[in-house]
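Q: Can you look at this prediction? I've put the sequence above it.
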Amino acid sequence: MDRHLRGFTGAGYDKGRPLLVQAAWFAVLNLVFVKWWFPARWRPAVLRAFGARIGRRVLIRQRVRVHWPWRLDIGDDVWIGEGAWLLNLEQITIGSNVCVSQDALLCTGSHQRHSSTFEFDNGPIRLEPGSWVAARAVVLRGVTVGRSGVVGASAVAHHDVGPGTVVTTGAPA
């Protein structure tokens, strides 16, 4: 199939906030939030100021990127490691006692591969309580990682991960 990307419309995708709020977030994200010198204890408050729902005792390390804070819900006692990227075009829900390790990617966005204009095919991500997304792992759109489930280092979760299941190579182990 030939692609005609010039015809891309993004039909049906709503960013959830006015352009001014989006611009303010990108300025804060890139000028302050991701920096090593910005105190980790202030990151949850900044996310809350932009509409995120953040629980207690949440640790967010430096270089963590959040695309849209207003599409983020984090429970209590969560750790998000250095360099993690929460590309949340849609909702990301992170339950309590979850660890998202260094350089992990949670990506709610995709495209319709059979669309000649490559229209969006997005979906939410849910990390249930006690789950772990290890270093450089990827969780793709529409996936739920079940309670105490693990997406191992550099693995890709492209389907739901059952409770207590460990994914090490893109398929449950």
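A: Sure, I can see it. Keep in mind that what you see is a predicted model, and the values were worked out from it rather than measured.
Q: Can you list the buried residues in the longest helix belonging to the chain?
A: Criterion DSSP state H: the longest helix present in the chain is helix 19-28. By 16 or more other C-beta atoms under 10 Å, the buried positions in helix 19-28 come out as Val21, Gln22, Trp25, Val28. Yep, even glycine has a C-beta here, placed from its N, CA and C like the rest.
Q: Check whether the residue positioned nearest the centre of the chain sits in a helix, strand or coil.
A: Ranked by distance to the mean C-alpha position of the chain (C-alpha atoms, centre = their mean), the top residue is Leu86 at 2.7 Å. Here Leu86 takes the strand state, with states given by DSSP: H, G, I helix; E, B strand; the rest coil.
Q: likewise the one 10 residues further on?
A: Taken by three-state DSSP, the conformation at Ser96 corresponds to coil.
Q: residues touching it, list them.
A: With C-beta atoms under 8 Å, 6 or more residues apart in numbering as the criterion, the residues that contact Ser96 are Gly55, Gly75, Asp76, Asp77, Val78, Pro129, Gly130.
Q: make it 6 Å
A: Residues in contact with Ser96 (C-beta atoms under 6 Å, 6 or more residues apart in numbering) are Gly75, Asp76, Asp77, Pro129.
Q: Going along the chain, name the helices of the protein.
A: Applying DSSP H to the chain gives helices spanning 19-28, 43-49.
Q: re earlier: now which of the contacts of Ser96 would you call buried?
A: Buried among the contacts of Ser96 by 16+ other C-beta under 10 Å: Gly75, Asp77, Pro129.
Q: surely the last one meets Cys99?
A: No - taking contact to mean C-beta atoms under 6 Å, the distance of 11.4 Å between Pro129 and Cys99 leaves them out of contact.
Q: Right, I'll leave it there.
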